[in-house]
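>>> return a 3D structure for these sequence lines:
(chains A and B)
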Amino acid sequence: MTPPGTDGSPGGPPPRRVRVTSPRTGAARLHRLTAASEIDAQTRLGEIYMSSLLRAQLRLASAVLLTVGVLVAGLPLLFRLVPGLVQVQVLGMPLPWVLLGFAVYPFLLGVAWLYVRTAERNERDFADVVERSGSRPPR
Amino acid sequence: MRSAYAVTAVTLVAVATLAIGAYGWRFSRTTSDFFVASRSVGPTLNASAIGGEYLSAASFLGVAGLVLAFGTDMLWYPVGWTAGYLVLLVLVAAPLRRSGAYTLPDFAELRLESRAARRFSSILVVGIGWLYLMPQFQGAGLTLQTVAATDRWVGGVVVGLVVLVNVFFGGMRSITFVQAFQYWLKLTALLLPALFLLGVWAGDGALSPADASVAPGGVSGDVWAAPLEFGSGYPLYSTYSLILATFLGTMGLPHVVVRFYTNPDGRAARRTTLVVLGLLGLFYVLPPVYGALGRLYAPDLVETGRTDAVVLELPSRMVAGLGGELLSALTAAGAFAAFLSTSSGLTIAVAGVISQDVMGRTFRGVRAFQSAAVVAVTVPLVLAVVAENVSVARLVGLAFAVAASTFCPLLVLGIWWRRLTAVGAVAGMAVGGLLSVGAVAATLLGDVPSGWTGAVVAQPAAVTVPVAFVTMVLVSLATAGRTPRHVAQTMVRLHTPETVKLDRGPYPL
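Numbers count the residues shown, from 1 in each chain, chains lettered A, B, ... in the order given. Just a heads-up that it's a prediction; the model follows:
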């Protein structure tokens, strides 16, 4: 039998818990705005966070569009400049048919898959930066 | 080609559509259910639904018909309709979902903070929607005429009624189930007969379609098999104009855009689009096969100008007896699924806009949506019956050109360029819209000039899209003092992942 109170069992009022806080924490917070609040307040720093995300996504989008623009939309020009290609037979079919009828679809799907992966990584990077920065005082 | 089997198959599709819709009715309670299925549809179901909705009469019947008649150049239609989804994925998908708007006019109002931009977008949505609904009703008329020898208008009326019943009771929620089912039906309806037909073709010695001698009115084998043989006399221009219209037009189609609001978040919107690309690629391999085999086994369709019927007629011509009849019935069922699903999606989109922007003041909620749906179906149905028949894929192609010249610049600049102003956006859409609609009107009235102007009128996008973009940018720069007040917050809303807690402004729903 232990004396009441020491093991937390009823029998006497348990000692009140007091949260110990550093008096400096509040002051430190005032000076350390989170990245999220910088963005919300549309400060210069917030703008920098945003435009870096936008730039990364736009650069990725441009790269994808350029790839498709050259490799797919470039085909008519290629057929015009190298007329011999039209005569080439692949699997018993003219090359333009193989490219436009079949090969183009897996290509587009592959590009799209790469895009989704990279776009999600850009967003994860952004989220990491915004959530990590100054949201907690350093320990 | 009258066929009791085909009539039965078409009836079954209509009944199945209503039955699956009825399953969804049980879940449709709120206005949010009606418009966007309460934004709770997962990527696979949603992707099947998008595929089901997107593959219209033009994809199911039109592509094969065009390939049969004109050959290689026509492959750019299905390629462009697929690549359009890639462009949409890269530039628009996630930000559009994150905008939290229901419709294109909602997006315009949110981004530009202007009622005038909203109203202008509404008119365009209704116009493009009707332009796209017309060929669906025409295609339905053609199909019923082919399989049941009915009058041309009957098919359109049947499709209109089935769509209305479904939209009336279930809205977006029930339509999602219906369209997912219809994608897989359409794929089966082309894939299974195609396997049989290819078997027959191989058994006959696998002749090259390019070697076939074609009936009067058709092009010779060499021309058919080679690219850059557009009849316009300016093949390079026509090809690139078609590429521009299809690559950029997809994102501006009202029924495509409305689907993005049914995704739970921006990331899901991207993944859905990726699955859609796969589903479309799988489907679009098939229609050209019918077109190519048609040159060998149904060349008379070119002479009589009924090339759009090649998918419906080829199976019964190539496979003798009951087998051929059943396969033809299957393609007829798939074609009907195509009309029903695309018309449903367009009706939802157009009705959503009409009910919000025209009737919103007097009626509210579900009632307004239902009455708007009646208007959304009736007008293009009457137009389809009255207007002269232009090739199904051709009309759809023009709808793409109008979308590419109006909503594409609005979306791309609105999402990626902070300095777009309401005045600039409206000016750009007005210029692009007037030019492209002018080309459409000339085509519909059969008033196409010859030479260079004729090539531009037939494929206007390569002129109208750059003009719309340039107008939008220049007028925005000239009105630089009038950039929307909350543009910075809007950019945060469009581009940041939902997991990060930020102030994104109020959401309507």
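>>> closest to the centroid, which residue in chain A?
residue A:123 (1.5 Å; CA atoms, centre = their mean).
>>> what about the residue in chain B that chain A sits nearest to, neighbour count?
Here chain B gets closest to chain A at one residue, residue B:281, 3.1 Å apart by CB to the nearest CB. Quick note: C-beta positions are derived from backbone N, CA and C, even for glycine. Residue B:281 is flanked by 21 other residues according to other CB atoms under 10 Å in any protein chain shown.
>>> which non-adjacent residue is nearest residue B:95?
The spatial neighbour of residue B:95 that comes closest, neighbours along the chain excluded (CB to CB, 6 or more residues apart in numbering or on different chains), is residue B:494 at 4.0 Å.
>>> and the one you found, how far from residue B:325?
53 Å (CB to CB, to the nearest Å).
>>> check residue B:499 too.
55 Å.
>>> the two: which has the busier surroundings?
residue B:325 (18 against 12).
>>> check which helix or strand covers that one.
Assigned by DSSP states H and E, residue B:325 belongs to helix B:321-357.
>>> and that helix, which residues are buried?
B:324-357 (16 or more other CB atoms under 10 Å in any protein chain shown).
>>> any idea which element the one residue in chain A that gets nearest to chain B lies in?
Per CB to the nearest CB, the residue of chain A with the smallest distance to chain B is residue A:105, at 3.1 Å. Per DSSP H and E: residue A:105 is located in helix A:104-132.
>>> got the buried residues for that helix?
Applying 16+ other CB under 10 Å to helix A:104-132 flags A:104-105, A:107-109, A:111-112, A:115-116, A:118-120, A:122-123, A:126-127, A:130-131 as buried.
>>> measure the residue of chain A closest to chain B to residue B:400 for me?
Residue A:105 is 19 Å from residue B:400, by CB to CB.
>>> ranges for the strands of chain B?
Applying DSSP state E to chain B gives no strands.
>>> low-confidence stretches in chain A?
A:1-13, A:20-33, A:133-139 (pLDDT under 70).
>>> show me what contacts residue B:18?
Each residue near residue B:18 by CB atoms under 8 Å, 6 or more residues apart in numbering or on different chains is listed here: B:162, B:165-166.
>>> so how far is residue A:57 from the closest residue to the residue nearest to the centre of chain A other than its chain neighbours?
The shortest distance from residue A:123 to any non-neighbouring residue, by CB to CB, 6+ apart, is to residue B:497 (4.2 Å). According to CB to CB, residue B:497 stands 11 Å off from residue A:57.
>>> again with residue B:325
Separation of residue B:325 from residue A:57 (CB to CB) stands at 53 Å.
>>> now the residue nearest to residue B:138 when sequence neighbours are not counted: how far from residue B:162?
Among residues not flanking residue B:138 along the chain, residue B:384 sits closest, at 5.1 Å (CB to CB, 6+ apart). From residue B:384 over to residue B:162 the distance is 15 Å, taken as CB to CB.
>>> of the two, who's got more company?
residue B:384 (27 against 23).
>>> residues contacting the more buried one?
Residue B:384 touches B:133-135, B:137-138, B:141, B:153, B:156, counting by CB under 8 Å, 6+ apart.
>>> would CSV of the residues you listed with distance to residue B:256, neighbour count and pLDDT be doable?
Below are those laid out as CSV (distance: CB to CB, whole Å; neighbours: other CB atoms under 10 Å in any protein chain shown; pLDDT from 0 to 100):
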residue, distance to residue B:256, neighbour count, pLDDT
B:133, 14, 30, 92
B:134, 17, 25, 89
B:135, 16, 31, 87
B:137, 19, 28, 91
B:138, 21, 27, 87
B:141, 24, 24, 88
B:153, 28, 19, 87
B:156, 22, 27, 90
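>>> what's the pLDDT at the residue lying closest to residue B:233 once chain neighbours are set aside?
Once flanking residues are discounted, residue B:233 sits nearest to residue B:455: 6.5 Å by CB to CB, 6+ apart. On the pLDDT scale, residue B:455 is placed at 87.
>>> how about the residues of the stretch 351-500 of chain B by chain A?
Contact residues (CB under 8 Å from any CB of the partner chain) of the stretch 351-500 of chain B with chain A: B:416, B:488-489, B:491-492, B:495-497, B:499-500.
>>> what's the farthest-apart pair in these?
The largest separation in those, counting by CB to CB, is between B:416 and B:499 at 22.1 Å.
>>> report the angle between the top helix by length along chain B and helix B:321-357.
The longest helix of chain B (DSSP state H) is helix B:152-203. Relative orientation of helix B:152-203 and helix B:321-357, computed by axes from the mean of the first three to the mean of the last three CA atoms, to 10 degrees: 130 degrees.
>>> would you mind listing what in the stretch 101-250 of chain B touches chain A?
Counting by CB under 8 Å from any CB, the residues of the stretch 101-250 of chain B near chain A are B:206, B:208, B:210, B:225-228, B:236, B:239-240, B:243, B:247.
>>> buried subset of these?
B:210, B:225-228, B:239-240, B:243, B:247.
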